[in-house]
Each structure stands twice: as C-alpha cells, then as structure tokens.
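[1] Task: produce atomic coordinates for the following.
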Amino acid sequence: MFRGTDPSGHRGAARTEVTDMNQAQAEAVPRPAAAVAGASQGVELRHLRYFAAVAEAGTFTRAAERLFVAQPTLSQQIQRLEHIVGTPLLHRRREGVQLTAAGTVLLAAARDVLAAAGHAIAQTRQAAGLGRPRLRFALPTDLPDSLAVQTTCRLRSAAEAAQAAITWLETPLDGEFTPIAQRRADAGLGWLTTGPDALPAPLEAISLGQFEPEVWLPSAHPAARSGVIGLDELACLEVIHGPRRASPATYHRWLAVLRAADPRFEFTDPPFRRSLPMVLAFAATASRPAAVLTGPAVIAGPPPGVTRLPRPAGTGDMARVCLDGHPLTATAALVWNGDLPRPLQQILFDTADAAAPPTAPSPPATSQEGQQHATELTGAGTPALAGCWN
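    Below is the predicted model of the structure:
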C-alpha cells in the first residue's frame, strides 16, 4: 500500500490490488492493443532461444539442462515472453509442456529468426575477415555409401582449397529441403523427385545424376529369369520398402507412380530397416511372393573412383532385376540457399564439377547376368549389398 491523492483531491490511502503471485506468473494477462503493437520491441533473442529449447525438450527440466541455466530462470523468461506477446504459449501439465496454437506459430517464427541471426553473424564475421568461412552441410542417412563418400571427399577437398571449414549436419532432408530453406543449414546433398527449377525460392541446385532403386525378387519368379520386370507386374506384388520417414520425398513420389498402375497399391514397411540381407531373407520366406525395393542407387554405372565388386553373399534366394523403362527415379543434387556467399557457392560448384555424369547400364539378359549385375557400388569400404536400404 502507498500514500497518494484520490481523484477528489484528498490525500489518503490509494488502494492497490495484489493478486496471488503464482497465479500471475502462470497466466498471461491480455494486454491492450496499444501495448501489443509494441510488444516485439521487448522480445530478445534469448527469449526465443529459451522458448524453442523448452518446446523441443518437452519439459523445463530437460531444457534447462541443455541450456545450462537454472530452471527458475528459464521459467521466468518464458513467462516474460508470454507477458510480452499477451497470450499463453505453452500448456503446462504434469507430464510436460505442449504448445498452444499461438505457441506453434511463434515456434516456427522463432526458428527462422534464430537461424537468420546466426547466418547474419557468420556473414558479418566473414566480411570482416574474422575466422575461416564456414559451410553448414546437411547429409541425410538415406544416401548410398558410394554417393555419400564420393561427394563428401570432393567437398572437403574443395573446402580446403578455398580455406573454408565445414560443419557436418546429419539430418533428414524432405522434398522441400526445409532445413536449408529455414537457414538451419547452408547446403546439403539430397534427392530431387522433380526438376531443380521446381524448388521454391531462394533454393538453388546442381544435379549429380539420375538414380533408381534396386528391385529384388524371389529367384523362382519368372521376371528373375529374364532379369526385367514391368511396373504393372511389380504393382501386383507385395513390395517391401520404406518406412516413409526414412526418405519421404522418394517414398511419396514412387508410391504415386505405382498407384498409377494400381490405385490400391501400398508399400509394406521393412521388418529390419538397417539390414538388407535380413529383409531379403524375410521376403524369400514370405507366404506369398514379395519384392524388395531399396532406396535410390546409382543407375548409370559406378562413378569415377568407385569399384564394381563381385555379387555379395547374403542375398539368399532373391535375385536383383531391372525395372523396365526406369519409371522410379530420383536425382541426387547439391542444394543450397541462394544468399550463400559466393566463395561458399563456388565450393559446391567445384564439388559438382568433379563428379562425372553416369551412363545407364544395359539390363541383364539372363538370370545369371541379372544376379551378376546385382553388385555393390562402394568406396574403399567393406563389401556389402548394393544400393541404399531405407
């Protein structure tokens, strides 16, 4: 309570209402329109960083540990942010936190702002000659070893020649290359299922060649003897491929192509995602004929420096065949944000120039040739099964 003057001019006790402090902190109070209009002036990057950390961690405790701050401090800053924007951003429950509708909107914007701020600082330091230029490069796990090893080695060589550093980011890339579009990465190697011109601005791309999946059939299947299977015939089989989250761009594209042959077609998720020999064994012993469709693999022959090995062991009673007409394809591409500094773009150009475009192989004419064609494209690694299993 404090002393003041009431509206009639008499001095007395000017009364104020004091609410429960816990309630005041837990519930954001709606603010007048004039105050909300200037709310963004009070938001700081740390507010957005703390908010994104809590949303991603799911609890204040885990977020505080990741940020190396005290939990009460983190809670107060989130409450401050809610007060600034004038609405709750999180539902606080015993099992953790969930975003409100407003929180979902702010989280997407916060990630953009934080990524843009980091990008701007890096560019400023480079312009001032402070430190080496740094390229944040996204590399998904669904790439054939031959492609990944070849590209990363050439990228490292080009970066060293340009006296630039690389930060490797092992992260999935969808068909829209969202991490690059949102500036959480500068560039990446991924799959295009349409032409480079279809990418949304400001993304740009360089193609590294056409790829297709490997198709494996039971050795007793008629197509295994000829070494070639048509799309319509493949769509009539159970096809083990995926799961969708492993490579959503190629999964949806190839599913659409197969549904054009059979509108009821669905992929069957593999029982063992990381082991192609195990999946082949599973398919070979299925109660009805089942095909196995891998992730994209080089269809144009081995790139330079890649060795074609003898047919590996572990394929069981399954034979690799060619898909007639190559209807299931994906383009390996280097993709980057258009505002990337020119010296870093040049590193990508040099990397792409070092890769010779592949040439398509002839389909195997016999079962024996078809199985011999099922060789792996690897770098200097241990022989394994060809292609990339998702």
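
[2] Burial check on residue 238, number of neighbours?
    Neighbours of residue 238 under the rule other Cβ atoms under 10 Å: 16. Heads up, the C-betas are built off the backbone N, CA and C, glycines and all.

[3] For burial, what's the neighbour tally of the nearest residue to residue 119 once chain neighbours are set aside?
    In space, not counting the residues next to it along the chain, residue 119 is nearest to residue 183; the distance is 5.0 Å by Cβ to Cβ, 6 or more residues apart in numbering. Residue 183 has 22 neighbouring residues, counting by other Cβ under 10 Å.

[4] thought residue 183 was touching residue 113?
    No. Applying Cβ atoms under 8 Å as the test, residue 183 and residue 113 come out as separate, 10.0 Å apart.

[5] any idea how far residue 224 lies from residue 291?
    10 Å (Cβ to Cβ, to the nearest Å).

[6] The two - which one has more neighbours?
    residue 291 (25 against 21).

[7] Need the three-state assignment for the more buried one.
    Look at residue 291: counting by DSSP: H, G, I helix; E, B strand; the rest coil, its state is strand.

[8] from now on call the first residue 11
    Right, with 11 as the first residue, what we last looked at is residue 301.

[9] Contact partners for it?
    Neighbouring residues of residue 301 by Cβ atoms under 8 Å, 6 or more residues apart in numbering: 225-227, 239, 244, 247-250, 293.

[10] redo that, cut-off 6 Å
    Residues in contact with residue 301 (Cβ atoms under 6 Å, 6 or more residues apart in numbering) are 227, 247, 249.

[11] Scan those and report the most crowded one.
    Highest count within the contacts of residue 301 by other Cβ under 10 Å belongs to residue 227, 27 neighbours.

[12] can you give me phi and psi for that one?
    Phi and psi for residue 227, reported as degrees, to the nearest 10, are phi -130, psi 160.

[13] try residue 329
    Dihedral angles for residue 329 - degrees, to the nearest 10 - are phi -120, psi 140.

[14] bridging residues for it?
    As for beta bridges, residue 329 partners with residue 227 under DSSP bridges.

[15] okay but it is in contact with residue 228, surely?
    No. In this structure residue 329 lies outside contact range of residue 228 using Cβ atoms under 6 Å: 7.7 Å.

[16] Looking at those two, which one has more neighbours?
    Comparing residue 329 with residue 228 by neighbour count (other Cβ under 10 Å), the higher total belongs to residue 329, at 26 against 22.
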